[in-house]
Structure formats: C-alpha cells, structure tokens
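Colleague: Task: produce atomic coordinates for the following.
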Amino acid sequence: MNWMILVLAGLFEIGWAIGLKYTEGFTRLWPTLGTVASMAISVGLLGVAMKSLPLGTAYAVWVGVGAVGTAILGIVLLGEPANPGRLVSLGLIVAGIVGLKLATAAPAVAG
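Modeller: Take a look at the predicted model:
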C-alpha cells in the first residue's frame, strides 16, 4: 500500500512541477493555488509512505516519478524535444525506479 501512496505522491509532484509553468511566476491565482495544493499533498503523501519505506528509496522513487512524468508532459504539452538521448535517459530513470522497488524487501513481521 505504501508503494501506491508513494507513486501517488510522485503524481502530485508532476502536478506541481507542471503547475509552476502555468503560474507565470506565481502571478496567476488559480494555477498558483493548484500548484501549492499539489505541493502540500505530494509532500504529505511522501511522509506517509516513508513510515515504512526506507528514506533513500522513497525519496529517489518520488523524485524519479516526478522527473519522468514532468519530462513526458513537457514533451506532450509544451513541445519540448523528444530526442533519442532524452528518451533513453528517461527509460533509465524508470529502470532505476523498478530496480529500487525490486530491491526493497517487505519488512519482516515479528511474531
């Protein structure tokens, strides 16, 4: 469940990163409010996920989901370049996220 919360936190990170573009330097009210709300939700969910996930893993996955999603939306929404080097690099980040998930064993239950 904490992995799902962590991915959701990463999705809200994408929301605030993209939202920053639309705030125009925090001069537009509604995009600014949405961006600030996404920031708070993202960090709050990250904190919840960190209750049972290792700090380094949780933070790296949160940043990775945010970075990949933001870069993809930059390509789709903002016309940023989608050259092979960029796409391969994003794929490597995704591979790192998957690797961290596979390398993070569920905590043992005493009993």
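Colleague: Counting neighbours, which bits of the host helix or strand of residue 88 end up buried?
Modeller: Secondary structure assignment for residue 88, by DSSP states H and E: helix 84-103. Using 16 or more other CB atoms under 10 Å as the test for burial, helix 84-103 gives 90, 93, 97, 100. In this view, the C-beta of every residue, glycine as well, is placed from N, C-alpha and C.
Colleague: With distance to residue 33 added, can I get the residues you listed in CSV?
Modeller: Formatted as CSV, those follow (distance: CB to CB, whole Å):
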residue, distance to residue 33
90, 29
93, 30
97, 30
100, 33
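Colleague: Format the residues you listed as JSON lines; extra columns: distance to residue 27 and pLDDT.
Modeller: Compiled in JSON lines, those are given as follows (distance: CB to CB, whole Å; pLDDT from 0 to 100):
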{"residue": "90", "distance to residue 27": "31", "pLDDT": "98"}
{"residue": "93", "distance to residue 27": "32", "pLDDT": "98"}
{"residue": "97", "distance to residue 27": "34", "pLDDT": "96"}
{"residue": "100", "distance to residue 27": "38", "pLDDT": "95"}
